[in-house]
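Colleague: The following comprises the amino acid sequence and a computationally predicted model.
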Amino acid sequence: MALDKQRIVTEAVALLDAEGLDGVTTRKLAARLGVQSPTLYWHFPNKAALVTAIAEAILEQQFPELEPPAPEERWHEWLIGLAGRLRQALLAHPDGARIIAVSQLSLTMAAISELAMSTLVGRGIALRQARLIVLTVLRFTVGYVLEEQAGRPDADALDGFDMAAYAAAYPTVMAGVTEYFQPGRTVDDLFRDCLEQIIHGPAAQPGPAS
C-alpha cells in the first residue's frame, strides 16, 4: 500500500489510542507503517506538523462540517453545544486535549473560533466581547478535558495523605463538592454548569464598541 499523508495520520491516531501522546514517536510510527523514520519527513517535516495533523483528524470526527445556529436558536445554547462536541472529540482519544493544546496551527480550531465569533457578532455582541467569550469557552473546554484525562491520583500518590486533615483545613471546598455532586449529578453536569457561568455572565454585560 502506497504511503501517503492520510495513511500516516490514520496510523498515528491508532498509535495515540494505544500509547498516548508520549508514545507517538517517529520511530514507533515508522515501525507500524513498515518504513524507515526518515521516510515520514517527506510528508511531515517535524513532529509538530504530525501532531497538528492528528489534531485535525481528531476534530474531524465531531466537526465534519460547521454550521451556524438556526435563526430561532439562542446562541448561548448553540455555543454550549459546540463546546460539548469539542469535549467529546477530545475525550474520544487518550491525551486528546494535550494534542489540541500543543497544536498551534489547527485550521479546524481556527474555523470553530471564526464561526463562533462571527455568530456572536451577528447576534449583536461586540467584537471584543465575542472574542473573549469564545476564547474563554474554548480554553475552558480544553483545560477541563486535560484535567479529566489526567485521571485521579493513584494509590501510591494517596499513600499517607490525611483526608480528614484536608477536609478540616478546607471545609468550604469540601462542602461545595459534596453539595454539588448529589446522587445522579456527574462531571457532564459540572461541565455544562461551568459553561453556563462563563457564557451567561459576560453575555449579560454590555461590551464596549469595537
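Modeller: All right, it came through fine. Numbering: from 1, shown residues only.
Colleague: so what's the closest residue to residue 63 other than its chain neighbours up against?
Modeller: The shortest distance from residue 63 to any non-neighbouring residue, by CB to CB, 6 or more residues apart in numbering, is to residue 108 (6.1 Å). Where C-beta positions appear, they are placed from N, C-alpha and C, glycine not excepted. Contacts for residue 108 (CB atoms under 8 Å, 6 or more residues apart in numbering) come out as 55-56, 59-60, 63.
Colleague: which other helices and strands contact the longest helix seen in the chain?
Modeller: In the chain, with assignment by DSSP state H, the single longest helix is helix 127-150. Contacts defined by 3 or more CB pairs under 8 Å, 6 or more residues apart in numbering; DSSP states H and E place helix 127-150 against helix 75-91, helix 96-102, helix 107-122, helix 187-203.
Colleague: Drop anything exposed from the contacts of residue 108.
Modeller: Neighbour counting by 16 or more other CB atoms under 10 Å classes 55-56, 59, 63 among the contacts of residue 108 as buried.
Colleague: just to revisit the earlier point, now, the contacts of residue 108 that are in helices?
Modeller: Taking DSSP H, the ones among these that sit in helices are 55-56, 59-60.
Colleague: circling back to that earlier point, CSV for the buried ones among the contacts of residue 108, including distance to residue 128 and pLDDT?
Modeller: Shown next, in CSV, are the buried ones among the contacts of residue 108 (distance: CB to CB, whole Å; pLDDT from 0 to 100):
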residue, distance to residue 128, pLDDT
55, 27, 97
56, 29, 97
59, 26, 97
63, 26, 95
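Colleague: what sits up against stretch 160-178?
Modeller: Contact with stretch 160-178 is made by residue 153, as judged by CB under 8 Å, 6+ apart.
Colleague: roughly how far is the worst-scoring helix or strand of the chain on mean pLDDT from the heart of the chain?
Modeller: Here the helix or strand of the chain ranked lowest by mean pLDDT, DSSP states H and E is helix 155-158, holding a mean of 73. Counting by CA atoms, centre = their mean, to the nearest Å, helix 155-158 is centred 27 Å from the centre of its parent chain.
Colleague: Just the CA coordinates for it, please, in CSV.
Modeller: Extracted C-alpha coordinates of helix 155-158, given in CSV (Å, rounded to 0.1, in the frame of the first residue of the first chain):
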residue,chain,number,x,y,z
ALA,A,155,-3.0,4.6,45.5
ASP,A,156,0.7,5.5,45.7
ALA,A,157,0.0,9.2,45.5
LEU,A,158,-2.7,8.9,48.2
